[in-house]
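>>> Dropping a prediction and its sequence here:
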Amino acid sequence: TRDGYRPVAEHAAILFFCIVELENIDPMYKFSLPWFIKIYHRSILDSQRNENIQKRISELKTKFTGRMYNKLSWSVFQEHLLIFSFILCVGIQEVEKESYQSIWSLLLTGGTPLEKENIFPNPCPDWLSNTSWIQIIRASSLSKFQGLMNHLKDHTDEWKEFYLSDSPYSSKAPAVFGRLEGLDKILLVKFFREDKVVSAVREYVRTNLGEDFVSIPDFDLQSSLEDSSTEQPLIFVLSTGADPLHQLNQLNNRMNLDRKIKTLSLGQGQGGAAEQLVNEGVAEGHWILLQNCHLATSWLPNLVTLWEEVISGQDTHDDFRLWLTSYPSPDFPPSLLQAGIKIALQQPTGVKHNLQAFYKSELMKEEGFYLPHPSTDIQLDTFYRLLYGLCFFHGVVVERKYFGSVGWNIPYKFYTSDLSISARQLKSLLTGATSPPFEALVYLTAECNYGGRIIDTNDRILLNSLLTQFYNENSTEPGYRYLDDLYQVPADLSISGCQKQIDNISIPIQPQALGLNENAAILRNQSETKTFLSGVRATQPQIEPDS
């Protein structure tokens, strides 16, 4: 009966409201109910039918949640995906009658302030912060944490062992608190190791929703195009270093569409030219790319009118597509955001994501690059090993910026274009050479490509020192290990072999692999936890902030 499928409807409602709340993080995250329903219907059609209603319900939930996560992953920035997975996981458990409101509030806000007479002396101030101790006092009034304060005072050595654990979420806590799991265990981790909260959240989501919900799916611009129509603008939400025009041209060439892409950068006085371009595209079936919409917010209401009266009309050419680019802006018209398909473009973050992105990039697919013509005079094994090292180096210099002044004296933005030009130069210098010209490679890569934006002397010295860990006589040997010997050149140098090894790199990567010590990771992870919980709190307006 229809009523038997009520759990699916409740699950879909949770999913929708989790998505709606993302708008509180970024004004560009506006999603419409019709967009949601379209994906919902497609999931029902694609799901496997089963006479057993419970199995059918489970299949529908899994299919719909997975498809929605994939679509959403292309529309929001990477750092917000885990927030979505987390609030979805908690939302599902609330519907399943698990009472989490008090725990949820304490995790996100720290709880209500205590009266002075209720603040007891911290029994272990040498390793437990006063802030954590006060939160433990607050939590001791909750049923699942009852007695925690007194147990900590009486068994400080046992709790210090838990505190020193590399993975407290996976470690067993002392006494009855070892039975805590899920959100309760995350809160316990926050009390003792705030720097491990995000990794605990990842494990929590992985356990309840699956590995896919802590991973970043491969971006597929072609899929977004296929989901679109003449009435749906495709909106690139930009971050620093993103290049949508380059991606559009690659898509056009790869699909052999032979479309005319006409571009215009918006700004003062460009409204008339933009309207003319759109009208021309509607009539002739061109792709129109209007760039930097955030610089022309006063004209965007005119674009909305154009979209409603012209683009949505019956005379629009079937091949017409309207592409827009904008940095996040609260003034971007909500109607366009809800009607359009959003595509969040950002540079990969960290070693693993940068390696994954490069080995799936257009450069690697380019004819003659990774698999050169047989007549090309190049030692392929040497090229492959040095290329992998170069990509690893790029990931290292990018990820070090998340460690603040410990990573770089001055924060720098390194882009995928730095890696691409360095990779092309590597192949060019190896072609016809009997041995790698390391001095030239280091100079071009460290001084010209990456070093061009470095203004601090010590940072420049560091950059050269890091690169020589990947460009040296030993780095062309099989099994060569980088930096702290945690990672090595893949034994299988094919693209698939390299990708398989890349998939095994941890997130976050060990700081030793970046040339840093373990203490550097604590500062980085504490900052990451504060940013993460702040983002989660923004999606929960019913939770009052800690005063």
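Arrived safely. Numbers count the residues shown, from 1 in each chain.
>>> mind listing what's buried in stretch 29-46?
29-31, 35-36, 39-40, 43 (16 or more other CB atoms under 10 Å). Every C-beta, even on glycine, is put in place using the N, C-alpha and C of the backbone.
>>> Same question for stretch 485-500.
Under 16+ other CB under 10 Å, the buried positions of stretch 485-500 are 487, 489-490, 493, 498-499.
>>> any idea of the mean pLDDT for that stretch?
Stretch 485-500 carries an average pLDDT of 88.
>>> For that stretch, give me every contacting residue.
355-356, 359-360, 364, 370, 380-381, 384-385, 388-389, 392, 475, 478-482, 501, 505, 510, 512-513 (CB atoms under 8 Å, 6 or more residues apart in numbering).
>>> if you set the cut-off to 7 Å instead, what comes out?
359, 364, 370, 381, 384-385, 388-389, 478-482, 501, 505, 510, 512-513 (CB atoms under 7 Å, 6 or more residues apart in numbering).
>>> Output stretch 534-542 as CSV - backbone C-alpha positions only.
Coordinates of each C-alpha in stretch 534-542 appear next as CSV, following Å, rounded to 0.1, in the frame of the first residue of the first chain:
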residue,chain,number,x,y,z
SER,A,534,30.7,26.7,12.7
GLY,A,535,29.4,25.5,9.3
VAL,A,536,27.2,22.9,10.9
ARG,A,537,25.8,25.4,13.4
ALA,A,538,24.9,27.7,10.5
THR,A,539,22.6,25.0,9.1
GLN,A,540,20.9,24.6,12.5
PRO,A,541,19.1,27.9,13.1
GLN,A,542,17.1,26.3,15.9
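>>> Same question for that stretch: list its buried residues.
Buried residues in stretch 534-542 (16+ other CB under 10 Å): 535-540.
>>> tell me which of those residues is nearest to residue 135?
Here the nearest of the buried residues of stretch 534-542 to residue 135, counting by CB to CB, is residue 537; it sits at 15.2 Å.
>>> List buried members of the contacts of stretch 485-500 by neighbour count.
Here, 16+ other CB under 10 Å leaves 359, 364, 370, 384-385, 388-389, 480, 482, 501, 505, 510, 512-513 buried among the contacts of stretch 485-500.
>>> still on that earlier bit, inside strands: which ones of the buried residues of stretch 485-500?
Counted as lying in strands by DSSP state E, out of the buried residues of stretch 485-500, are residue 487.
>>> List just the nearest of the buried residues of stretch 485-500 to residue 269.
Using CB to CB, those come closest to residue 269 at residue 499, 47.9 Å.
>>> Tell me how far that closest one lies from residue 74.
20 Å (CB to CB, to the nearest Å).
>>> where exactly do the helices run in the stretch 1-150 of the chain?
6-20, 33-46, 53-73, 78-95, 101-109, 130-139, 148-154 (DSSP state H, counting those that start in this stretch).
>>> Just the ones in helices from the buried ones among the contacts of stretch 485-500, please.
In helices, defined here by DSSP state H, the members of the buried ones among the contacts of stretch 485-500 are 359, 364, 384-385, 388-389, 501.
>>> ok, back up a step: can you lay out the buried residues of stretch 534-542 as JSON lines showing distance to residue 184?
Supplementary listing: these in JSON lines, determined by distance: CB to CB, whole Å:
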{"residue": "535", "distance to residue 184": "21"}
{"residue": "536", "distance to residue 184": "16"}
{"residue": "537", "distance to residue 184": "19"}
{"residue": "538", "distance to residue 184": "23"}
{"residue": "539", "distance to residue 184": "20"}
{"residue": "540", "distance to residue 184": "18"}
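>>> In JSON lines, list the ones in helices among the buried ones among the contacts of stretch 485-500 along with distance to residue 210.
What follows is those, written out as JSON lines (distance: CB to CB, whole Å):
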{"residue": "359", "distance to residue 210": "24"}
{"residue": "364", "distance to residue 210": "28"}
{"residue": "384", "distance to residue 210": "33"}
{"residue": "385", "distance to residue 210": "35"}
{"residue": "388", "distance to residue 210": "30"}
{"residue": "389", "distance to residue 210": "33"}
{"residue": "501", "distance to residue 210": "23"}
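>>> Run through the residues that contact residue 481.
487-488.
>>> make it 8 Å
487-489.
>>> Which elements pack onto the lowest-mean-pLDDT helix or strand in the chain?
Ranked by mean pLDDT, DSSP states H and E, the weakest helix or strand in the chain is helix 244-254, scoring a mean of 79. Here helix 244-254 touches helix 221-227, strand 261-265, strand 287-291, strand 321-326, going by 3 or more CB pairs under 8 Å, 6 or more residues apart in numbering; DSSP states H and E.
>>> what about the stretch 301-450 of the chain, any weak spots by pLDDT?
375 (pLDDT under 70).
>>> For it, which segments count as helices?
334-339, 350-359, 362-365, 380-399, 416-430, 438-442.
>>> Other residues contacting the shortest one?
In this case it means helix 362-365. 250, 254, 358, 369-370, 420, 423-424, 495.
>>> For it, buried residues please.
residue 364.
>>> With the last one instead?
Of the residues in helix 438-442, those with enough neighbours to count as buried (16+ other CB under 10 Å) are 438, 441-442.
>>> gap between the residue nearest to residue 242 when sequence neighbours are not counted and residue 31?
Excluding the flanking residues, the one nearest residue 242 by CB to CB, 6 or more residues apart in numbering is residue 345, at 3.7 Å. According to CB to CB, residue 345 and residue 31 sit 18 Å apart.
>>> Tabulate the helices of the stretch 301-450 of the chain (JSON lines), appending distance to residue 158.
JSON lines is the format used below for the helices of the stretch 301-450 of the chain (distance: least, CB to CB, whole Å):
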{"stretch": "helix 334-339", "distance to residue 158": "52"}
{"stretch": "helix 350-359", "distance to residue 158": "35"}
{"stretch": "helix 362-365", "distance to residue 158": "51"}
{"stretch": "helix 380-399", "distance to residue 158": "35"}
{"stretch": "helix 416-430", "distance to residue 158": "48"}
{"stretch": "helix 438-442", "distance to residue 158": "51"}
